[in-house]
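S.K.: sequence and predicted structure, then a few things I'm wondering about:
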Amino acid sequence: MSKNVLVTGGAGFIGSHLVDALLKNGDIVTVLDNFNDFYNQDIKRENIVDQRKHKNYLLVEGDLRDRGTVARVFSRAPFDAVVHLAAMAGVRPSLENPALYMDVNVNGTQTILDEAVKLSPLPRFIFGSSSSVYGSRSGEKFLETDRVDQPLSPYAASKAAGELACYAAHHNHGLAITALRFFTVYGPRQRPDLAIHKFCQKIYKGESIEVFGDGSSKRDYTFVSDIVSGIIKSLTYDCSGYDIINLGRSEPVLLSEMIGTIEQALGKKAKIQRKDFQMGDMPYTFADVRKAQNLLKYNPRVEFKEGIASFVDWFLQRHAPAKI
């Protein structure tokens with residue numbers, strides 16, 4: 001049975017992949033995206049070229065902090081689900097402009113929630129959170145029940161605050177909410193500011209890459225199709241009312257190994273420029289995904305080497321000179 005779904009941030013990296021899957025499933029999709037200048041907006045517009053031709057797709061360009069725009073989007077209700085992915089992204093940029101991150105990620109989330117709770121019947125609400133809420137840890141998997149009150153960056157703090165705003169909406173209005181904590185998502189269409197994309201581009205061009213620390217940091221890299229699978233399953237599972245669920249691969253990868261895998265896929269060696277470990281960065285992430293497996297039947301399928309090969313194929317199609 002088809003669903004009517006609102007996706008905020010639906011032209012971005014994760015959002016556009018999710019919209020592809022929803023349209024393939026026969027769902028009706030409304031996207032709210034403001035195409036901000038955090039990175040070249042032409043990249044987002046390229047993500048949705050084919051989607052805009054689909055009869056079940058509607059794009060509304062606007063800011064989620066603009067209550068008039070958000071009210072206009074929600075006038076297309078009833079929605080079976082709202083998937084809220086729109087946010088100012090990135091740990092390091094948030095250190096430079098924390099007020100903007102709080103405004104967009106907290107106030108913007110509240111604006112979406114305020115409209116969602118007016119609907120009858122109430123939709124299922126999915127909040128795109130982040131592994132960054134866990135802060136600095138050592139030696140064990142990250143559990144959804146762990147404390148998240150020591151964020152290392154304004155971005156992490158804004159995501160933790162977004163989860164709290166979601167809980168308040170659930171408690172006061174009965175909105176069924178699932179906060180999905182994404183663990184280092186990568187794959188085709190990945191934002192150009194993220195490490196895998198940035199390293200790939202510099203290695204391809206023969207430029208040096210900046211490596212913060214000694215290469216021993218670890219990330220639980222998760223391929224975008226696995227994240228989308230988890231989001232799709234969160235739309236229909238038996239939600240308790242308010243759930244927090246990790247979506248990761250649960251196989252952390254060393255930074256040095258990540259670079260080596262890109263080198264192998266590109267067939268080029270990296271020129272490495274060592275830098276001190278950077279403020280705001282987490283030394284490692286490691287998702288415990290048992291809750292996702294139990295509730296969502298979540299089963300991440302893409303191995304890291306396979307995922308990097310897929311990303312590099314996409315990258316080379318966009319950047320390699322055409323063969324004559």
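M.R.: The structure has been received and is ready for your questions. Residues are numbered from 1 along each chain as shown.
S.K.: just checking, what packs against the host helix or strand of Val228?
M.R.: Val228 belongs to helix 224-234 when elements are defined using DSSP states H and E. Counting contacts by 3 or more C-beta pairs under 8 Å, 6 or more residues apart in numbering; DSSP states H and E, helix 224-234 packs against helix 13-24, strand 124-130, strand 177-182, strand 185-186, strand 242-247, helix 290-296. From N, CA and C alone the C-beta is placed, and that goes for glycine too.
S.K.: select, out of those, the one closest to Arg147.
M.R.: The closest of the helices and strands packed on helix 224-234 to Arg147 is strand 242-247. By C-beta to C-beta, the value is 12.5 Å.
S.K.: please work out which residues outside that closest one touch it.
M.R.: Under the criterion C-beta atoms under 8 Å, 6 or more residues apart in numbering, residues 129, 131, 142-144, 163, 166-167, 170-171, 176-183, 222, 226-227, 230-231, 234, 287-289, 291-292, 295-296, 298 lie in contact with strand 242-247.
S.K.: which of those residues count as buried?
M.R.: 129, 131, 142, 144, 163, 166-167, 170, 176-183, 222, 226-227, 230-231, 234, 287-289, 291-292, 295-296, 298 (16 or more other C-beta atoms under 10 Å).
S.K.: distance to Arg67 and mean pLDDT for the helices and strands packed on helix 224-234 - can I get that in TSV?
M.R.: Shown next, in TSV, are the helices and strands packed on helix 224-234 (distance: least, C-beta to C-beta, whole Å; pLDDT from 0 to 100):
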stretch	distance to Arg67	mean pLDDT
helix 13-24	21	98
strand 124-130	18	98
strand 177-182	20	98
strand 185-186	30	97
strand 242-247	24	98
helix 290-296	33	98
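S.K.: in a markdown table: these, plus distance to Glu303.
M.R.: Converted to a markdown table, those look like this (distance: least, C-beta to C-beta, whole Å):
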| stretch | distance to Glu303 |
| --- | --- |
| helix 13-24 | 18 |
| strand 124-130 | 23 |
| strand 177-182 | 18 |
| strand 185-186 | 12 |
| strand 242-247 | 16 |
| helix 290-296 | 17 |
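S.K.: in the stretch 101-250 of the chain, which ranges drop under the pLDDT threshold?
M.R.: Applying pLDDT under 70 to the stretch 101-250 of the chain flags residues 138-139, 215.
S.K.: could you redo the last one with a cut-off of 90?
M.R.: For the stretch 101-250 of the chain, the stretches with pLDDT under 90 are 136-140, 193, 210-217, 240.
S.K.: can you give me the helices for it?
M.R.: Ranges of helices in the stretch 101-250 of the chain, per DSSP state H, counting those that start in this stretch, are 108-116, 154-173, 195-205, 224-234.
S.K.: wait, isn't Arg189 in contact with Gly15?
M.R.: No. Using C-beta atoms under 8 Å, Arg189 and Gly15 do not qualify as a contacting pair, with a distance of 9.6 Å.
S.K.: higher neighbour count, those two?
M.R.: Set side by side, Arg189 and Gly15 show more neighbours around Gly15, with 26 against 21, by other C-beta atoms under 10 Å.
S.K.: distance of Leu152 from Met88?
M.R.: Separation of Leu152 from Met88 (C-beta to C-beta, to the nearest Å): 16 Å.
S.K.: swap in Arg137?
M.R.: For Arg137, the distance to Met88 (C-beta to C-beta) stands at 24 Å.
S.K.: neighbour count for these two, which is higher?
M.R.: Ranked by neighbour count (other C-beta under 10 Å), Arg137 and Met88 place Met88 first, with 19 against 15.
S.K.: host element of that one?
M.R.: Assigned by DSSP H and E, Met88 belongs to neither a helix nor a strand.
S.K.: that one: what's it in contact with?
M.R.: For Met88, the contacting residues are Phe38, Ser94, Leu100, Tyr101, Val104, Asn105, Tyr155, Ser158, by C-beta under 8 Å, 6+ apart.
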